[in-house]
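Peer 1: my questions concern the predicted model and sequence given below.
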Amino acid sequence: MAARIDHLVTSGTFSLDGGTWDVDNNVWIVGDDTEAIVVDAAHDADAIAAALGGRRLVAIVSTHAHNDHIDAAPALAARTGAPILLHGDDLPLWKQTHPERSPDAELTDGQVITVAGTELTVLHTPGHAPGAVCLYAPGLGTVFTGDTLFQGGPGATGRSFSDFPTIVGSIRDRLLTLPPETVVRTGHGDSTTIGAEAPHLDEWIARGH
């Protein structure tokens, strides 16, 4: 059976630099009826485990270490035995949320994660966070972008550990080079496509947000 993509939305808070905001997060589950990976274990380990059903969880892949994307990761890992994967450049952010528990392995640029016969390639896309990554699954015609690229533009870069020129460079060099029909599945909000976002790069740069 070919891999499929399941989606749930969980709700909680995002905290950084002394502020806290209510957020809804997209949690993506990629796999078949036997095994799966979770992209961003946000807020609610029980809901994510319920969506997994009886499937073996191969890995919990964190697109970056802002608390709203990793807050449920240790609980889900404890429940399933799955390793938590995170790019090493985001360890300082991770430690703000989970000082007592480290990720189990580091994600590296170009690394390939295989689940249910489907390959997902790790693309290091810093800017929103130093260790932000996207996961490109050409066999599924999709890229999971976390908070790097949304419908309408780049992720926020106004807080600690973020940088606007860096995120624009990541999007231009690593994402907009993907096939235009590639579906962009984001960390928050609606999905889009590479082709829908690519024409707006110069506008984003001019806005400089």
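Peer 2: Great, that's in hand. Numbering: from 1, shown residues only.

Peer 1: switch to C-alpha atoms for all contacts and neighbour counts from now on
Peer 2: Will do.

Peer 1: what ranges does the protein have for its helices?
Peer 2: Ranges of helices in the chain, per DSSP state H, are 45-52, 67-70, 73-80, 91-97, 164-170, 194-197, 201-207.

Peer 1: and the helix or strand of the chain with the lowest mean pLDDT, what's buried?
Peer 2: Among the helices and strands of the chain, helix 201-207 carries the lowest confidence by mean pLDDT, DSSP states H and E, at a mean of 91. Using 16 or more other Cα atoms under 10 Å as the test for burial, helix 201-207 gives Leu201.

Peer 1: so what secondary structure elements neighbour that helix?
Peer 2: Applying 3 or more Cα pairs under 8 Å, 6 or more residues apart in numbering; DSSP states H and E, one finds that helix 201-207 contacts strand 153-154.

Peer 1: partners of the strand it packs on, with directions?
Peer 2: strand 149-150 (antiparallel) (DSSP bridges).

Peer 1: can I get stretch 69-78 in PDB, CA atoms only?
Peer 2: Below are the C-alpha coordinates for stretch 69-78, written out as PDB (Å, rounded to 0.1, in the frame of the first residue of the first chain):
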ATOM      1  CA  HIS A  69       6.100  22.300  17.300                       C
ATOM      2  CA  ILE A  70       7.800  20.100  19.900                       C
ATOM      3  CA  ASP A  71       5.800  20.400  23.200                       C
ATOM      4  CA  ALA A  72       4.200  17.000  22.800                       C
ATOM      5  CA  ALA A  73       7.200  15.200  21.400                       C
ATOM      6  CA  PRO A  74       8.600  13.700  24.600                       C
ATOM      7  CA  ALA A  75       5.200  12.300  25.700                       C
ATOM      8  CA  LEU A  76       4.600  10.800  22.200                       C
ATOM      9  CA  ALA A  77       8.100   9.300  22.200                       C
ATOM     10  CA  ALA A  78       7.600   7.800  25.600                       C
END
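
Peer 1: buried stuff in that stretch?
Peer 2: Quick answer for stretch 69-78 (16+ other Cα under 10 Å): 69-77.

Peer 1: of those residues, closest to Gly152?
Peer 2: His69 (20.5 Å; Cα to Cα).

Peer 1: doesn't Asp44 make contact with the closest one?
Peer 2: No. The pair His69 / Asp44 is not scored as a contact, 10.5 Å apart, by Cα atoms under 8 Å.

Peer 1: ok, the buried residues of stretch 69-78 vs Asp163, which is closest?
Peer 2: Using Cα to Cα, these come closest to Asp163 at His69, 18.9 Å.

Peer 1: the closest one: what's it in contact with?
Peer 2: 25, 40-43, 62-63 (Cα atoms under 8 Å, 6 or more residues apart in numbering).

Peer 1: a markdown table for the residues you listed, including pLDDT?
Peer 2: Converted to a markdown table, the contacts of His69 look like this (pLDDT from 0 to 100):
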| residue | pLDDT |
| --- | --- |
| Asn25 | 98 |
| Asp40 | 98 |
| Ala41 | 98 |
| Ala42 | 98 |
| His43 | 98 |
| Ser62 | 98 |
| Thr63 | 98 |
